[in-house]
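A.B. asks: No sequence on hand, only this structure:
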């Protein structure tokens with residue numbers, strides 16, 4: 001047997017697992033945990049329920065894997081932001097814009113977060129790695145805030161988690177409330193003009209809230 005055969009099988013397995021996670025993410029985001037059906041995921045991937053159970057063990061485990069991957073995506077995006085050489089306020093603006101872009105481009109992530117909140121973070125609480133995964137993002141903000149305070153640019157009275165929550169809340173709103181807000185106020189939050197406007201507002205909001213004036 002060729003030595004490349006095991007590697008080929010491994011690549012096939014990784015590709016199959018990735019495809020299952022992609023489709024499962026779509027189905028869970030569309031129907032929620034309770035409404036999603038493994039049969040539909042299998043049909044969309046042209047595979048079988050048996051194959052899904054082989055790779056993940058069951059619906060609960062598949063949903064947890066989808067959730068973990070979604071959170072890892074935003075954390076990896078945050079880790080790629082290079083703010084080391086930036087002024088503290090400029091660094092916060094860069095993080096705000098990058099977070100906004102990621103949320104708008106990954107609406108599925110927002111829906112999954114909403115679903116998990118409906119279930120009281122039942123599955124999220126079982127993924128211990130996510131708590132550790134989120135810490136570097138808060139630590140990076142903490143370093144920026146500390147440096148900004150030492151330079152006399154950033155005021156006291158809040159911490160890194162407060163800043164993280166402010167940015168996240170603004171970004172999530174654009175996607176999560178697009179239909180209700182759009183209907184009530186006749187504004188399409190995801191139109192090109194609205195996105196450009198909101199994307200410019202967020203870093204201004206963050207800077208004006210944290211800066212010493």
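C.D. replies: Good, I have the coordinates. Owing to the predicted nature of the structure, the values given are computational and were not obtained by experimental measurement.
A.B. asks: drop to CA atoms for contacts and neighbour counts, all remaining ones
C.D. replies: Noted.
A.B. asks: distance between the ends of stretch 182-201?
C.D. replies: Stretch 182-201 has an end-to-end distance of 18 Å (criterion: CA to CA, to the nearest Å).
A.B. asks: what mean pLDDT does the longest helix seen in the chain have?
C.D. replies: The helix that spans the most residues within the chain, counting by DSSP state H, is helix 4-35. For helix 4-35, the mean pLDDT works out to 82.
A.B. asks: Next: stretch 135-143.
C.D. replies: For stretch 135-143, the mean per-residue pLDDT is 89.
A.B. asks: buried stuff in whichever strand or helix holds residue 199?
C.D. replies: For residue 199, the host element (DSSP states H and E) is helix 192-210. By 16 or more other CA atoms under 10 Å, the buried positions in helix 192-210 come out as 195, 198-199, 202-203, 206-207, 210.
A.B. asks: low-scoring pLDDT stretches of the chain, where are they?
C.D. replies: Within the chain, the ranges that satisfy pLDDT under 70 run 1-11.
A.B. asks: Outline the domain layout of it.
C.D. replies: As assigned by automatic domain parsing, the chain contains the domains 1-57, 70-210.
A.B. asks: Quick one: these as JSON lines, columns for distance to residue 64 too.
C.D. replies: Shown next, in JSON lines, are those (distance: least, CA to CA, whole Å):
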{"stretch": "domain 1-57", "distance to residue 64": "9"}
{"stretch": "domain 70-210", "distance to residue 64": "6"}
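A.B. asks: which stretches of this structure form strands?
C.D. replies: Using DSSP state E, no strands are found in the chain.
A.B. asks: could you pull out the helices for it?
C.D. replies: So, for the chain - with DSSP H - the helices run 4-35, 38-44, 49-56, 59-79, 88-105, 107-118, 128-150, 160-176, 178-185, 192-210.
A.B. asks: one step back: I'd like to know which elements the longest helix of the chain is packed against.
C.D. replies: Applying 3 or more CA pairs under 8 Å, 6 or more residues apart in numbering; DSSP states H and E, one finds that helix 4-35 contacts helix 38-44, helix 59-79, helix 107-118.
A.B. asks: hmm, who's touching the second one?
C.D. replies: The contact list for helix 59-79 (CA atoms under 8 Å, 6 or more residues apart in numbering) reads 21, 24-25, 28, 33, 38, 53, 56, 95, 98-99, 102, 109, 112, 123-124, 127, 130, 133-134, 136-137.
A.B. asks: What is the neighbour count of the closest residue to residue 19 other than its chain neighbours?
C.D. replies: Residue nearest to residue 19 in three dimensions, not counting chain neighbours: residue 45, with 7.2 Å by CA to CA, 6 or more residues apart in numbering. By the criterion of other CA atoms under 10 Å, residue 45 has 16 neighbours.
A.B. asks: same deal with residue 191?
C.D. replies: Using other CA under 10 Å, residue 191 has 10 neighbouring residues.
A.B. asks: Please apply the same query to residue 118.
C.D. replies: Count around residue 118 with other CA under 10 Å applied: 12.
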